[in-house]
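[1] Structure of the sequence below:
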Amino acid sequence: MENNLSDKLRRNIFIGVLTILLASFIYIAIAKRGGDNLSVANNLKLARVAEYINESNRELALFRQAQTVNDKEAIENHLSKSIASARNAEAIDPDNKDIIEYLGRIYVEASSVSSDALEYAELYYKKLNALQPHDATADNNLGYILYMKGEKANNQEEKESFYNSSLVYYDSALGKEAEMTNALYGKAITLDKLGKMDESIEAMGKATLGDPNNQEYSYELGRMYYNRAIAKSEGSDVVSLENEDIEVAEELFKNILSAEPRHANAMYSLAVLYQKTGGAESAQTLVNSLLEIVKEKDQVELIEEQFKDIY
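    Numbers count the residues shown, from 1 in each chain. So this is what the prediction gives:
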């Protein structure tokens, strides 16, 4: 069992923020170019591109709002309008790398509601890769796209094929930018899915060293150490707290809670760790605190089921 409250990938918020920043960057870049000594026709072209990107970003914001209330009609409407506006900008300036990346990010975000969005995202990032072959950005995002395809695949053989393809892109990104923490994180998560525990811990360790204040990286590293300890325990009901991997996982979870006392996943995982190592009292204290934070019915039920022997 993976000691995690949610299976949702946590990159969704990060992708959304990057998309907004990228749209702003495009708008500002176009405005600066328009101030140069260009022809009137070219200035009009740049103005139209900026208008389309601005319109696309407005619709994308409305799409996200609609998602929070699960308004399916509004979700589809605003997403379609956002993509249409961005593609209008692309039609005017088809080799603009920023617009291509912006479209790629929109399609990645749209994959939560559209079955074919990842196909389009892959096409745009491959185009971006061709336009800037020495930049790691496209490879990193292609790694994520192939990973997501693996998550959506229906059988294990297909999943593993996508995961392995994902690793090719992550390795390519790291070949261009060896300390790219996003790529290290993505590689680690993908290796973990393939059951390559030692390699996944090595990659996540590097990501954590590169971004020591990123609690998500630390959490995933702790989760991986815990899972490796359990895998090596050969089905034992209780694992020693003195197990080296358990000690590392415990320290990581405690450090996260020291920095973020309401980090629900770290709290849950530390409670599971104590439950597995015979520390029922410590686990119960954490569960009590956790139930003060978590209010969603399905999550509360998961917690109560996991700790029914001590709670």
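[2] Show the pLDDT at E76.
    At E76, the predicted lDDT confidence score is 96.
[3] correction: G35
    For G35, the model assigns a pLDDT of 50.
[4] again, but for the one 5 residues further on
    The pLDDT attached to V40 in the predicted structure is 55.
[5] so K126 makes contact with A138?
    Yes - look at K126 against A138 with Cβ atoms under 8 Å: they come within range, at 7.3 Å. C-beta: built from backbone N, CA, C; applies to glycine.
[6] more crowded one of those two?
    A138 (26 against 15; other Cβ atoms under 10 Å).
[7] State the helix or strand in which that one lies.
    helix 137-152 (DSSP states H and E).
[8] How about D98?
    Using DSSP H and E, D98 falls within helix 97-110.
[9] returning to that earlier point: which helices and strands does the helix holding A138 pack with?
    Secondary-structure packing of helix 137-152 (3 or more Cβ pairs under 8 Å, 6 or more residues apart in numbering; DSSP states H and E): helix 97-110, helix 117-131, helix 156-176, helix 181-193.
[10] Quick one: work out the angle between the first one and helix 137-152.
    Meaning helix 97-110. Inter-element angle recorded for helix 97-110 and helix 137-152: 10 degrees (by axes from the mean of the first three to the mean of the last three Cα atoms, to 10 degrees).
[11] same check, this time on the second one
    Between the direction of helix 117-131 and that of helix 137-152, the angle (the same axes, to 10 degrees) works out to 160 degrees.
[12] Just checking the distance from helix 117-131 to the centre of its chain.
    18 Å (Cα atoms, centre = their mean, to the nearest Å).
[13] Same question for the shortest one.
    Here the centre of mass of C-alpha atoms in helix 181-193, compared against the chain's by Cα atoms, centre = their mean, lies 10 Å away.
[14] How about the first one?
    Centroid separation between helix 97-110 and its chain, computed with Cα atoms, centre = their mean, is 15 Å.
[15] Ok, the third one next?
    Here the centre of mass of C-alpha atoms in helix 156-176, compared against the chain's by Cα atoms, centre = their mean, lies 15 Å away.
[16] go on, stretch 146-161?
    Using Cα atoms, centre = their mean, the offset of stretch 146-161 from its chain centre is 16 Å.
[17] now what about that stretch, what contacts it?
    Here stretch 146-161 makes contact (Cβ atoms under 8 Å, 6 or more residues apart in numbering) with 9, 108, 111, 118, 122, 162-163, 165-166, 169, 186, 189-190, 193-194.
[18] list the buried ones in stretch 137-152?
    137-150 (16 or more other Cβ atoms under 10 Å).
[19] Switch the residues you listed over to TSV; also include pLDDT and distance to K97.
    Shown next, in TSV, are the buried residues of stretch 137-152 (pLDDT from 0 to 100; distance: Cβ to Cβ, whole Å):
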residue	pLDDT	distance to K97
T137	95	9
A138	97	9
D139	98	14
N140	98	15
N141	97	13
L142	98	15
G143	98	19
Y144	98	18
I145	98	18
L146	98	21
Y147	98	23
M148	97	22
K149	97	24
G150	97	27
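[20] Let me know the closest of these to G210.
    Closest approach to G210 among the buried residues of stretch 137-152 (Cβ to Cβ): N140, at 13.6 Å.
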